[in-house]
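A.B. asks: pasting the sequence and the predicted coordinates here, then a few questions.
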Amino acid sequence: MMGMEPGDHGGHSDEHDDESAGAKRTELPWRTALTRRGALLGMGAVAGIAAVDVGGFAYAGGWLRPDALTPPRFADRLEHVYGRHDGFRRNHAKGLSATGTFASTGAAAAICRAAVFQQGSVPLIGRFSLGGGLPDQADKRDTVRGLGLLLEADGQQWRTAMVNIPVFTDSTPQGFYERLLASKPLPDTGKPDPQKMAAFLDRHPETAAAMKIIKQSPPTSGFADSTFHGLNAFYFTNSAGATVPVRWSAIPQEAPAAPPAPASVSGKDYLFDDLIRAVAQRPLSWRLVITIGEPGDPTNDATKPWPQSRRSIEAGAITIAAVQTEEAGNARDINFDPLVLPDGITASDDPLPAARSAVYARSFTRRATEPKTPSEVNVSQVLR
Amino acid sequence: MTSETTTTPTRFALPSRILHWLMAPMVIAQLFIGVTMIASLSYYPLLLAIHRPLGVLILVFAVVRLVNRLTHKLPPFLATMSRAERRIASWSEYLLYALLLVQPLIGWAMLSAARFPIILVGPIHLPGIAPHNIDVYGVLRECHSVFAFLLFLTFTAHICAVLFHTLVLRDRLLDRMALWPTKPASPQRDETV
């Protein structure tokens, strides 16, 4: 196809040759007579259509809207606050890959037709992480801990990225975007500018309220005894077509340990190191608990908890059997996009998952095209 | 299909014209959906859910159209086109065919390399066509952007050229692709018979 010369077989028939084309151009009797006015009008129309075409394309792509909050600008802000670290996620950059299983009790099949909730066991890939875009930050007790999961059942994937806070800090992508800048540490103090943060909280009372709730459940001693929350509301639909709003959490099987004494938290990667040593001894398990919302429960605001009295279902056990240093082919290369959902789970009217999906995609594309450097957390060094 | 005499309208064959006008809105919509979704936080999932099956539909149509292209003869060029313009027109046609075939395949392959499910509608999935590899994804994703811009530029050049002929030269070039009734071509057309 591409090697074909114009006029070859299948090409335009070359019955009238080029020389014949030029000479009589203006005398063709079947053409409307050309006038200067007509030609100018025609050219104006062509230029107008081209302008609408190119302008519309550029507008749609965000290039003519410098103030619009787009996924690239979101990723830019994460890079502005945390610096650019080639090959790493723009947020939750420090992490550890994991593998295991999800053993479904079958109880959630009553409200969701996704194959993953049929009784039985499916493999999973997980990733433990710390919030923030610094891939080599020192572990701190208060840093948000994340658990991303990819479960696959019957050829359909379910990806979820959860964190160890009971509600999210922001109800909208715009709020998150503004908070990133307000909480950017100052170079001299290493802490956010208190005035900027106070001004942000004045403008965003939902974040101030969420922070109060978060303070009431202080972080546990480590990853192994952390409860991870999906936070955003989704809809489950069962085989009969009935749909209910849900949120989910992974609750540790092991009782929370007492907060460690300050002496034992000296290592830079102590949270990850403890996790690596724990998994080396025995698999760690979390109960996947599905909470069912009732009419009036907010599905569009992850800063607001649902009442404690809501019915919940023990969907099954998430078991982490092994952890791996991040490298090619494991959880490092997975985008824990919260909108990769199996048939039976759909997004709600919460604006965050759509924005997370869009920004994760941009982050994933950026790091995919960058050179990769080894992860700070190294399993073999810890177990040596 | 195409008569070589000068007394019949020198239109493209009917299947070619039908395929052209079926694909045109799909491709224009796809270009605008693609460029909109990567710049949108709220519409990204919805537009992506349309972009995937529409891309597959375009791929199917592009294959049918390639077969149609290879089995039908084209009408002659108009006398208003110079030798250089004819060459550009032919090469841009080949480029459009190549992009319409390759671009959906790259989209499909890049989702495969990123280990994403290739969801068409609800539970209907396509299989992966590339190894799970983030570097392969990175290369394919960049190609998808470059080819999208190339497709948009080629499309823009195509409509500008056709409109220039139709609105400025008034040579009724667009009639060759018309599905609507047009005045029959005059027998005095400038053809070298």
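C.D. replies: Thanks, I have the structure now.
A.B. asks: so, low pLDDT: which residues of the chain?
C.D. replies: No chain was given, so I picked chain A. Within chain A, the set of residues satisfying pLDDT under 70 comprises A:1-33, A:256-265.
A.B. asks: my bad, the chain I had in mind was chain B
C.D. replies: B:1-9, B:184-193.
A.B. asks: could you pull out the strands for it?
C.D. replies: Along chain B, the segments classed as strands by DSSP state E run B:118-121, B:124-126.
A.B. asks: identify the residues contacting the residue lying closest to A:G344 once chain neighbours are set aside.
C.D. replies: Spatial nearest neighbour of A:G344, chain neighbours left out: A:A114 (3.6 Å); criterion: C-beta to C-beta, 6 or more residues apart in numbering or on different chains. C-beta: built from backbone N, CA, C; applies to glycine. Contact analysis of A:A114 by C-beta atoms under 8 Å, 6 or more residues apart in numbering or on different chains lists A:A153, A:Q156, A:W158, A:F236, A:P342, A:D343, A:G344, A:I345.
A.B. asks: rerun that using 6 Å as the cut-off
C.D. replies: Residues in contact with A:A114 (C-beta atoms under 6 Å, 6 or more residues apart in numbering or on different chains) are A:P342, A:G344, A:I345.
A.B. asks: the second one against A:A110, yeah?
C.D. replies: No. The criterion here is C-beta atoms under 6 Å, and A:G344 misses it with A:A110 at 11.7 Å.
A.B. asks: higher neighbour count, those two?
C.D. replies: Ranked by neighbour count (other C-beta atoms under 10 Å in any protein chain shown), A:G344 and A:A110 place A:G344 first, with 24 against 14.
A.B. asks: and that one, its phi and psi?
C.D. replies: Main-chain dihedrals, A:G344, degrees, to the nearest 10: phi 120, psi -20.
A.B. asks: could you check how far it is from A:L181?
C.D. replies: Note on A:G344: its distance to A:L181, by C-beta to C-beta, to the nearest Å, is 38 Å.
A.B. asks: can you tell me the closest non-neighbouring residue to residue 105?
C.D. replies: No chain specified, so I'll use chain A. Per C-beta to C-beta, 6+ apart, closest to A:T105 is A:G316, 4.9 Å.
A.B. asks: nope, chain B
C.D. replies: Distances taken as C-beta to C-beta, 6+ apart place B:L59 nearest to B:L105, at 6.7 Å, with adjacent residues excluded.
A.B. asks: burial of the one you found, as a residue count?
C.D. replies: Number of residues near B:L59 (other C-beta under 10 Å) recorded here: 18.
A.B. asks: the one 3 residues further on now?
C.D. replies: Burial of B:A62, expressed as a neighbour count using other C-beta under 10 Å, amounts to 25.
A.B. asks: and the gap between the residue lying closest to it once chain neighbours are set aside and B:L31?
C.D. replies: Distances taken as C-beta to C-beta, 6+ apart place B:L100 nearest to B:A62, at 4.1 Å, with adjacent residues excluded. Note on B:L100: its distance to B:L31, by C-beta to C-beta, is 11 Å.
A.B. asks: with B:H158 instead?
C.D. replies: Counting by C-beta to C-beta, the gap from B:H158 to B:L31 is 12 Å.
A.B. asks: same thing with B:L163?
C.D. replies: Following C-beta to C-beta, the distance that separates B:L163 from B:L31 is 18 Å.
A.B. asks: how about the residues of chain B that lie near chain A?
C.D. replies: Neighbours of chain A within chain B, by C-beta under 6 Å from any C-beta of the partner chain: B:32, B:35-36, B:39, B:41-42, B:44-45, B:70, B:74, B:76-77, B:79, B:83, B:86-87, B:90, B:94, B:117, B:122-123, B:134, B:137-138, B:141, B:156, B:160, B:163-164, B:167-168, B:170-171, B:186, B:188, B:190-192.
A.B. asks: re earlier: take the contacts of A:A114 and lay them out in TSV including distance to A:S249.
C.D. replies: Output for these, formatted as TSV (distance: C-beta to C-beta, whole Å):
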residue	distance to A:S249
A:P342	19
A:G344	19
A:I345	15
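A.B. asks: and chain A, what are its domains?
C.D. replies: Domain ranges of chain A: A:36-68, A:71-383, per automatic domain parsing.
A.B. asks: give me the distance from the first one to the chain's centre.
C.D. replies: Domain A:36-68 has its average C-alpha position 35 Å from the chain's average C-alpha position, going by C-alpha atoms, centre = their mean, to the nearest Å.
A.B. asks: which parts of that domain are buried?
C.D. replies: Buried residues in domain A:36-68, defined by neighbour count with 16 or more other C-beta atoms under 10 Å in any protein chain shown: A:G42, A:V46, A:A50, A:D53, A:F57, A:A60, A:G61, A:G62.
A.B. asks: please see if that domain touches chain B.
C.D. replies: Yes. For domain A:36-68 and chain B, the contact criterion (C-beta under 6 Å from any C-beta) is met by A:A39, A:G42, A:M43, A:A45, A:V46, A:A50, A:D53, A:F57, A:A60, A:G61, A:G62.
A.B. asks: closest one of the residues you listed to B:L19?
C.D. replies: Checking those against B:L19 with C-beta to C-beta, the nearest one is A:D53 at 21.9 Å.
A.B. asks: and the closest one, which of the three is it?
C.D. replies: Assigned by DSSP: H, G, I helix; E, B strand; the rest coil, the conformation of A:D53 is helix.
A.B. asks: which residues touch it?
C.D. replies: B:T156.
A.B. asks: excluding covalently adjacent residues, which one is nearest to the residue in the stretch 51-200 of chain A that chain B sits nearest to?
C.D. replies: Proximity of the stretch 51-200 of chain A to chain B (C-beta to the nearest C-beta) peaks at A:G62, 3.5 Å away. Once flanking residues are discounted, A:G62 sits nearest to B:A39: 3.5 Å by C-beta to C-beta, 6+ apart.
A.B. asks: and whatever helix or strand A:V279 lives in, how far from the chain's centre?
C.D. replies: If you go by DSSP states H and E, A:V279 is part of helix A:270-281. Offset of helix A:270-281 from its chain centre (C-alpha atoms, centre = their mean): 26 Å.
A.B. asks: for A:I320, give me its contacts.
C.D. replies: Contacts of A:I320 (C-beta under 6 Å, 6+ apart): A:A98, A:G100, A:L284.
A.B. asks: not counting its neighbours along the chain, what's nearest A:I165?
C.D. replies: Leaving out its chain neighbours, the residue that sits closest to A:I165 by C-beta to C-beta, 6+ apart is A:I214, at 4.9 Å.
A.B. asks: run a quick neighbour tally on that neighbour.
C.D. replies: Neighbours of A:I214 (other C-beta under 10 Å): 19.
A.B. asks: against A:S348, how distant is it?
C.D. replies: Remark: distance between A:I214 and A:S348 (C-beta to C-beta) = 22 Å.
A.B. asks: checking the nearest residue to A:T373 once chain neighbours are set aside next. Helix, strand or coil?
C.D. replies: Among residues not flanking A:T373 along the chain, A:G87 sits closest, at 5.7 Å (C-beta to C-beta, 6+ apart). What three-state DSSP gives for A:G87 is coil.
A.B. asks: burial of the spatially closest residue to A:G131 that is not a sequence neighbour, as a residue count?
C.D. replies: Distance criterion C-beta to C-beta, 6+ apart; nearest residue to A:G131, sequence neighbours excluded, is A:V144 at 3.4 Å. A total of 16 residues lie near A:V144 under the criterion other C-beta under 10 Å.
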